[in-house]
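Asks: Predicted coordinates and the sequence they were generated for:
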Amino acid sequence: VLSALEVAALALGTRRRWRELAEIYESILPRIADDVVAWDLGKKLGMLYRDELDDLDAALRVFTVSAQKNLADVEIRFWLAELYEARQDHAASAEQMRQAAFSAPERGDVHRRALWCFEKTGDADAAWNAACVLDQLGEADINESLVADAHRPEGLINARGAFGPDQWCDLRPERDEALDHVLALVTPAAVELRLERLEAGGQLPKLTDATLQNPTGTTTLMRSLSWTARLFGVQAPAVHVLPKVDGDLTPLPLGEGTAAAGIALASGLELPDLAFLWARVLAYLHPDHRLLVFYPTAPDVAKLLLAAMAVARDETAEGDAGVVAERLLSVLDDSARDELARAVTELGKKRLKSRVASHVRCVHAAAGRAGLVATGDLARAISVVGRSPLRSGPSEAEQIGDLRAFAISAAHGRIRRHLGVALRS
């Protein structure tokens with residue numbers, strides 16, 4: 001079919017019979033299973049409608065579908081933005097730039113176009129965040145730098161609200177509900193198993209009353225924790241100060257919410273810097289994300305998923321997945337197994353490897369995004385990441401890229417409005 005299409009495209013294109021060529025493209029597109037081919041053909045069809053047939057509505061429709069086939073294609077996002085701007089729909093144009101930012105967070109032209117759209121829609125807070133990204137990238141002009149500097153918070157943000165369920169969801173809007181459900185059902189047994197293994201292997205840190213910090217203490221470390229816990233609407237974890245801690249401040253794989261801080265952590269850090277680090281810890285300890293404290297990588301989580309699927313389908317799993325499956329069988333009663341079976345059925349079988357990888361990546365990203373919310377200052381947040389990057393999960397560059405993209409996202413804007421810290425026009 002594709003070979004025949006090339007012949008038809010050449011013949012009809014030479015004769016400028018664009019309408020007939022568009023009809024052929026339209027008839028073939030729904031039958032193409034390969035996303036790369038569908039993306040390429042969709043772009044050609046969209047350009048045909050836009051440039052030759054002057055059918056902007058059809059071009060918008062086709063480009064929108066094509067963009068979903070290749071999320072990394074920033075060029076098509078600019079094309080969509082132009083089409084929406086032709087309709088005077090600047091909000092939709094801004095959304096295209098927000099999507100483009102997650103694919104190319106380092107591109108100043110993406111954030112500058114987003115800034116222009118935000119100004120058109122009167123979204124002062126989003127415009128300020130876009131100016132902050134440009135300033136952090138070193139691509140801001142004088143006016144953009146002035147805008148960024150004028151509204152940076154001095155000290156801790158003056159929040160007039162606290163996190164609720166909706167704000168936690170906005171930290172990870174990419175969540176896969178079906179996968180989350182399955183993992184939530186197996187988390188208690190998986191955590192218990194990992195705790196047993198860590199204890200048997202002598203891998204748990206040595207915690208004593210001497211290392212435990214007073215939760216109502218007045219040290220900078222504990223004051224920043226109390227403030228951050230109130231902001232996120234959660235209970236502060238137990239804190240132990242140890243001589244050496246990977247990552248300076250990290251959640252510990254224990255039954256109760258616990259964090260470890262390096263003895264020299266607070267040296268050179270201000271309260272907003274510590275708020276970033278504490279927000280990251282609290283995000284990992286959240287029930288929806290806690291599994292990654294014990295199983296921080298995609299292969300780890302994939303084994304848990306294999307175990308859950310084996311139990312749900314009454315099949316046999318091998319290796320580590322088999323061990324977890326045995327534990328699940330020992331702790332799940334009939335009703336729990338029935339619920340797991342329903343959840344696995346709803347999950348389906350398609351793209352499970354990539355969905356697990358996306359889940360793990362997004363949970364790690366949510367931790368950094370929580371830090372950005374707590375500081376209210378992109379440049380400061382990125383500086384702290386440079387000093388204390390995550391020891392597992394995404395690279396430092398990936399963490400910084402996600403912060404730049406999330407800074408101008410609609411989800412970030414909703415959180416800031418809820419907290420009462422968003423700039424007003």
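Replies: Nice, thanks for sending it over. The structure presented is a predicted model; accordingly, all values stated were derived computationally and were not measured. Numbering: from 1, shown residues only.
Asks: quick one: the strands in the stretch 51-200 of the chain?
Replies: Using DSSP state E, counting those that start in this stretch, no strands are found in the stretch 51-200 of the chain.
Asks: Point out where it drops to low pLDDT.
Replies: Within the stretch 51-200 of the chain, the set of residues satisfying pLDDT under 70 is empty.
Asks: The residue nearest the centre of the chain: what secondary structure?
Replies: Centroid-nearest residue in the chain: Cys362, 3.8 Å away (criterion: CA atoms, centre = their mean). With DSSP: H, G, I helix; E, B strand; the rest coil as the basis, Cys362 sits in helix.
Asks: Look up how far Ala298 lies from it.
Replies: 11 Å (CB to CB, to the nearest Å). Where you see a C-beta, it was placed from the backbone N, CA and C, and this is true even at glycine.
Asks: now swap in Leu5 and tell me
Replies: With CB to CB as the criterion, Leu5 and Ala298 are 38 Å apart.
Asks: Show residues contacting stretch 74-85.
Replies: Contacts to stretch 74-85, defined as CB atoms under 8 Å, 6 or more residues apart in numbering, come from residues 43, 46, 50, 56, 59-60, 63-64, 66-67, 70, 90, 92-93, 96-97, 99-100, 103-104, 107, 110, 113, 117.
Asks: try it again with 6 Å
Replies: 56, 60, 63, 67, 92-93, 96, 99-100, 103-104 (CB atoms under 6 Å, 6 or more residues apart in numbering).
Asks: show me where pLDDT drops low in the stretch 201-350 of the chain?
Replies: For the stretch 201-350 of the chain (pLDDT under 70), the answer is none.
Asks: how about the strands in it?
Replies: 238-242, 249-251, 258-262.
Asks: okay if I get these as TSV plus mean neighbour count and distance to Glu174?
Replies: Shown next, in TSV, are the strands of the stretch 201-350 of the chain (neighbours: other CB atoms under 10 Å; distance: least, CB to CB, whole Å):
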stretch	mean neighbour count	distance to Glu174
strand 238-242	19	31
strand 249-251	22	22
strand 258-262	22	26
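Asks: any chance of the ones you listed in CSV, plus distance to Ala127?
Replies: CSV is the format used below for these (distance: least, CB to CB, whole Å):
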stretch, distance to Ala127
strand 238-242, 38
strand 249-251, 33
strand 258-262, 36
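Asks: Of all those strands, which one is nearest Leu285?
Replies: Using CB to CB as the criterion, the shortest distance between Leu285 and the strands of the stretch 201-350 of the chain is 5.3 Å, found for strand 249-251.
Asks: who's in contact with stretch 53-62?
Replies: Against stretch 53-62 from outside (CB under 6 Å, 6+ apart): 18, 42, 45-46, 49-50, 83.
Asks: and the least confident of those?
Replies: pLDDT across the contacts of stretch 53-62 is at its lowest for Trp18, which sits at 81.
Asks: distance of that one from Ala59?
Replies: For Trp18 relative to Ala59 (CB to CB), the value is 12 Å.
Asks: do Ala357 as well
Replies: 33 Å.
Asks: Compare the two (neighbour count), which wins?
Replies: Shown here are Ala357 and Ala59; by other CB atoms under 10 Å, Ala59 has more neighbours (22 against 16).
Asks: how close does that one get to Leu146?
Replies: Ala59 sits 38 Å away from Leu146, going by CB to CB.
Asks: and if you look at Leu419?
Replies: Applying CB to CB to Leu419 and Leu146 gives a distance of 25 Å.
Asks: neighbour count winner among those two?
Replies: Leu419 (20 against 12).
Asks: check contacts around that one.
Replies: 159, 161.
Asks: Is the closest residue to Phe406 other than its chain neighbours in a helix, a strand, or coil?
Replies: Nearest residue to Phe406, sequence neighbours excluded (CB to CB, 6 or more residues apart in numbering): Arg369, at 4.9 Å. Classification of Arg369 using three-state DSSP returns helix.
Asks: and stretch 20-34, what's its mean pLDDT?
Replies: 87.
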